[in-house]
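[1] Sequence and predicted structure below; questions after.
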Amino acid sequence: MTLEELVGCNITEKKMETVNQALEELLVAAQQQDCLTVGVYESAKLMNVDPDSVVLCVLATDEDVIPLQIHFTLIQAFCCDNDINILRVSGMRRLAQVLGEPSTADSNGNEPNDLHCILVTNTQCQSLKCQALQDVGNYCEESRCKNQWVPYLSLQER
């Protein structure tokens, strides 16, 4: 491995770690400000009614489930048509931890929330002007410049 490859890999790893952390901070901040929509169905309804309020769409899965992939394809197309940043992530357990959600059904048999699609909204009265949103948005933009229209992150357990 050359020095350039070694340094490039190190920079890429640090950048991914920074973007992972920024995404987690953004999701927590959006949840605290009630600017988070969770669930494929709920997200589709919001994007149909008010796509201009959506600043980020997070599509999460740890496995390839065909019906979910069909939903993701439709959501991705809608986001591209409406200039909404999209991010694919794996690490559903970590995502549930970040949002304070149970990752499995509880003792009462209540199913956990559908975390496969999460929208971050930016309403007029509650502006999410934070560094984390800028970092994630920059990462999405840089990925599009490299013809990677739906960038991918792997959320790591902590």
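    Sure, I can see it.

[2] C-alpha only now, for contacts and for neighbours.
    Noted.

[3] Can you give me every residue that contacts Q31?
    The neighbourhood of Q31, defined by CA atoms under 8 Å, 6 or more residues apart in numbering, consists of L99.

[4] Hmm, E157 is touching L95, no?
    No - the pair E157 / L95 is not scored as a contact, 9.1 Å apart, by CA atoms under 8 Å.

[5] More neighbours: the two, which one.
    L95 (23 against 10; other CA atoms under 10 Å).

[6] Surely the more buried one and L155 touch.
    Yes - here L95 lies in contact with L155, judged by CA under 8 Å, at a distance of 7.2 Å.

[7] L46 belongs to a strand?
    No - counting by DSSP: H, G, I helix; E, B strand; the rest coil, L46 is not part of a strand but helix.

[8] and the spatially most central residue of the chain, what are its bridge partners?
    Geometric centre of the chain, nearest residue: V58, 2.5 Å, by CA atoms, centre = their mean. Beta-bridge pairing for V58 (DSSP bridges): L87, I118.

[9] Return the residues in contact with it.
    86-89, 116-119.

[10] Who wins on neighbours among those?
    Ranking those using other CA under 10 Å puts L119 first, with 28 neighbours.

[11] gap between it and N85?
    For L119, the distance to N85 (CA to CA, to the nearest Å) stands at 10 Å.

[12] What of N138?
    Counting by CA to CA, the gap from N138 to N85 is 10 Å.

[13] likewise C35?
    Distance, C35 to N85, using CA to CA: 15 Å.

[14] Then W149?
    9 Å.

[15] higher neighbour count, those two?
    N85 (25 against 17).

[16] who touches that one in this structure?
    55-57, 79, 137, 140-141.

[17] Mind checking which of the residues you listed land in strands?
    When the contacts of N85 are checked against strands (DSSP state E), the matches are 55-57.

[18] Buried ones among the residues you listed?
    55-57 (16 or more other CA atoms under 10 Å).

[19] between these, which is nearest C145?
    When these are compared for distance to C145 (CA to CA), L56 wins out at 17.4 Å.

[20] wait, doesn't the closest one sit right on I84?
    Yes - here L56 reaches I84: they are 5.9 Å apart, a contact under CA under 8 Å.

[21] Now stretch 140-158: buried residues?
    140-141, 149-155.

[22] Return the item of the residues you listed having minimum pLDDT.
    Ranked by pLDDT, these bottom out at W149, which scores 82.

[23] For the protein, just list every one of the helices.
    3-32, 40-49, 66-81, 92-99, 131-145 (DSSP state H).
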